[in-house]
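In: quick one: sequence and predicted model below, then my questions.
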Amino acid sequence: MRTKLGKVVVWCATIVVLSAAERAGAAGIFADLAMSKSASTISVQVGQPMQFFLTLSNGGPFAAATAATITDLLPAGFQYVSSAGNGSYNNNTGAWTVTPGAAGTTNVLTITVLAATAG
């Protein structure tokens with residue numbers, strides 16, 4: 001049996017937008033972060049592994065020194081195996097904590113799962 005994934009949601013968020021005058025007084029305290037999620041396949045056999053890829057990019061113009069936490073719970077029917085990449089991932093809460101870093105920096109988290117049930 002195969003488990004078929006639904007739509008993979010991709011979203012982007014601008015943290016704050018300031019005018020040039022506001023930026024002059026707030027230099028270095030904001031960044032434009034974008035987050036996306038993709039999967040290694042859209043269909044997988046029960047018992048077979050697959051990966052989800054979470055990507056967090058800092059579009060600038062400044063570094064983001066404070067850690068960001070993105071919550072991404074695994075879809076029903078998947079069992080957590082491992083994770084690798086930037087930051088730390090808590091498979092119980094789905095929380096990925098990562099420091100976005102300098103403008104232009106991209107952070108990637110790879111979550112490996114097994115398809116546990118047909119869906």
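Out: Right, received. Where do you want to start? Bear in mind that the values here come from a model prediction, so they are computed numbers and not experimental data.
In: okay, now residue 103: neighbour count?
Out: 15 (other Cβ atoms under 10 Å). The C-beta positions use only the backbone N, C-alpha and C, and glycine is treated the same way.
In: apart from its neighbours in sequence, what residue is nearest it?
Out: In space, residue 103 comes closest to residue 60 once its chain neighbours are excluded; the distance is 2.9 Å by Cβ to Cβ, 6 or more residues apart in numbering.
In: contacting residues around the one you found?
Out: Shown in contact with residue 60 (Cβ atoms under 8 Å, 6 or more residues apart in numbering): 31, 32, 103, 104.
In: centroid-nearest residue for this structure?
Out: Geometric centre of the chain, nearest residue: residue 54, 3.2 Å, by Cα atoms, centre = their mean.
In: mind listing what that one touches?
Out: Neighbours of residue 54 in contact, by Cβ under 8 Å, 6+ apart: 35, 36, 37, 70, 72, 96, 108, 109, 111.
In: at 6 Å what do you get?
Out: Shown in contact with residue 54 (Cβ atoms under 6 Å, 6 or more residues apart in numbering): 37, 96, 109.
In: does the last one touch residue 97 like I think?
Out: Yep, that's residue 109 we're talking about. No - look at residue 109 against residue 97 with Cβ atoms under 6 Å: they stay out of range, at 10.0 Å.
In: higher neighbour count, these two?
Out: residue 109 (21 against 13).
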